[in-house]
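**Student:** Below is the structure, and that's it, no one-letter string:
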Ligand SMILES: Nc1nc2c(ncn2[C@@H]2O[C@H](COP(=O)(O)OP(=O)(O)OP(=O)(O)O)[C@@H](O)[C@H]2O)c(=O)[nH]1
């Protein structure tokens, strides 16, 4: 278990953000591929050396060094985008090696068999579009290399049957991998879309579409830290619809729901972009107002109070108005988030007990 953990940590080296699944996969695979490629070409190079093939051995050993170098790029975080640099290096060196193996035939003419490594590697590192383009260029190049009438592009001889079967099977494998890569990318995009939807749902209230308590807590924590760090003024406004029970009793629960939604829309329309608003409870809203003093929050609260009071709602043939009460609190450096929310809440209830349709600061 300890060994597996160590191995995982080793191959995750260079992953900047583990939440980005796509780039994590690419970096981990590039890490593994570079070390495996380095070891395999090293072994092949030594074998070629023992078989008295000094040129092939030299090419393989240089290749091995390139793979290990690509691996070191991640370990030492060289270059501004290590993955891009390393993946390009791995792809180019793999293609060069394949062209060379086709050219020489490798050990007893088996060299071309390694070309089936090219499609998965190129498509994985380059992605569907760039990878397919590079694969197409590779296919065109090796077709030319294999069938060019002058033997200048081949140092060995292959039968026509071998060359044509090699090319057909390579094109088939490339197509299959391209289809597989397209399916992989499309399911990855669906997973990301679904997880973003879930994330949004977890942070938002279904009825009003506003942030829910959880979503607002996240904003509160961020804003709280920012205002403490930069000593900026931040205010909170806790707002509650007055006598909402009566609204439900008189006009029905559905109308009540519609009002909760409409009031949320009115508030959203009046707030600035940097402000946030949440449905904090049943008919209770919380506004987070960055760079706002309590005096500025009072001006906003008064505007909102009047706006709601002057909005007419309709239920069948009856028209009616509602009012809201609000409690305002400006963050102090000694507040915790709970202290600030509780203070805004206490002031809201003071506004209620003093007659409603008002704000207290
Ligand atoms: N329609 C609807 N009603 C809700 C929802 N959430 C809470 N309520 C109702 O809101 C009402 C709140 O009532 P109270 O807490 O007694 O307060 P109030 O009648 O607004 O009176 P004050 O706040 O004291 O002015 C309750 O009747 C809840 O059932 C909701 O999502 N939809």
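**Tutor:** That came through, no problem. All values reported here derive from a predicted model rather than from experimental measurement.
**Student:** need the residues of the protein near the ligand, please.
**Tutor:** Contact residues (CB under 6 Å from any ligand atom) of the chain with the ligand: 207, 240-245, 248, 253, 256-257, 260, 282-283, 352, 356. (Each C-beta comes from the backbone N, C-alpha and C, glycine too.)
**Student:** what pLDDT, on average, does stretch 42-61 get?
**Tutor:** Stretch 42-61 carries an average pLDDT of 91.
**Student:** Out of the residues of the chain next to the ligand, list just those in strands.
**Tutor:** 240, 241 (DSSP state E).
**Student:** what about the helices in the stretch 151-300 of the chain?
**Tutor:** 160-203, 213-230, 244-251, 253-270, 294-309 (DSSP state H, counting those that start in this stretch).
**Student:** Same list, those helices, but as a markdown table with mean neighbour count and distance to residue 276 please.
**Tutor:** Below are those laid out as a markdown table (neighbours: other CB atoms under 10 Å; distance: least, CB to CB, whole Å):
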| stretch | mean neighbour count | distance to residue 276 |
| --- | --- | --- |
| helix 160-203 | 13 | 11 |
| helix 213-230 | 15 | 5 |
| helix 244-251 | 15 | 22 |
| helix 253-270 | 16 | 10 |
| helix 294-309 | 17 | 13 |
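**Student:** and of these, who's closest to residue 96?
**Tutor:** helix 160-203 (16.7 Å; CB to CB).
**Student:** And the closest one, how far out from the chain middle?
**Tutor:** 19 Å (CA atoms, centre = their mean, to the nearest Å).
**Student:** again, but for stretch 82-95
**Tutor:** Using CA atoms, centre = their mean, the offset of stretch 82-95 from its chain centre is 23 Å.
**Student:** can you pull the buried residues of it?
**Tutor:** Neighbour-count burial for stretch 82-95, counted by 16 or more other CB atoms under 10 Å, picks out 82, 83, 86, 87, 89, 90, 91, 93, 94, 95.
**Student:** can you put these in TSV and add pLDDT and secondary structure?
**Tutor:** Formatted as TSV, those follow (pLDDT from 0 to 100; DSSP: H, G, I helix; E, B strand; the rest coil):
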residue	pLDDT	secondary structure
82	74	helix
83	75	helix
86	84	helix
87	85	helix
89	88	helix
90	88	helix
91	90	helix
93	90	helix
94	91	helix
95	94	helix
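**Student:** Pick out whichever of the residues you listed sits closest to the ligand.
**Tutor:** residue 83 (48.1 Å; CB to the nearest ligand atom).
**Student:** Ignoring the adjacent residues along the chain, who's closest to that closest one?
**Tutor:** residue 27 (5.3 Å; CB to CB, 6 or more residues apart in numbering).
**Student:** what do you get for residue 307?
**Tutor:** In space, residue 307 is closest to residue 266, 5.9 Å off (CB to CB, 6+ apart).
**Student:** ok, now which ones touch the one you found?
**Tutor:** Residue 266 makes contact with 304, 307, 308, 311, according to CB atoms under 8 Å, 6 or more residues apart in numbering.
**Student:** can you pull the pLDDT of the third one?
**Tutor:** Read it as residue 308. Predicted confidence (pLDDT) for residue 308: 97.
**Student:** do you know how far it is from residue 191?
**Tutor:** Distance from residue 308 to residue 191, counting by CB to CB, to the nearest Å: 42 Å.
**Student:** Then the last one?
**Tutor:** Counting by CB to CB, the gap between residue 311 and residue 191 amounts to 43 Å.
**Student:** go on, residue 56?
**Tutor:** On the measure of CB to CB, residue 56 and residue 191 end up 44 Å apart.
**Student:** which helices and strands does whichever helix or strand residue 31 is part of pack with?
**Tutor:** Secondary structure assignment for residue 31, by DSSP states H and E: helix 21-50. Judged by 3 or more CB pairs under 8 Å, 6 or more residues apart in numbering; DSSP states H and E, helix 21-50 is in contact with helix 2-11, helix 54-76, helix 82-104, helix 118-147, helix 160-203.
**Student:** Check which helices and strands the first one is in contact with.
**Tutor:** Looking back up the chat, that one is helix 2-11. Short answer (3+ CB pairs under 8 Å, 6+ apart): helix 2-11 packs on helix 21-50.
**Student:** so how far is the helix it packs on from its chain's centroid?
**Tutor:** That offset, for helix 21-50, works out to 27 Å (CA atoms, centre = their mean).
**Student:** tell me which residues of that helix are tucked away?
**Tutor:** So for helix 21-50, counting by 16+ other CB under 10 Å, buried means 24, 26-31, 33-35, 37-38, 40-42, 44-45, 48.
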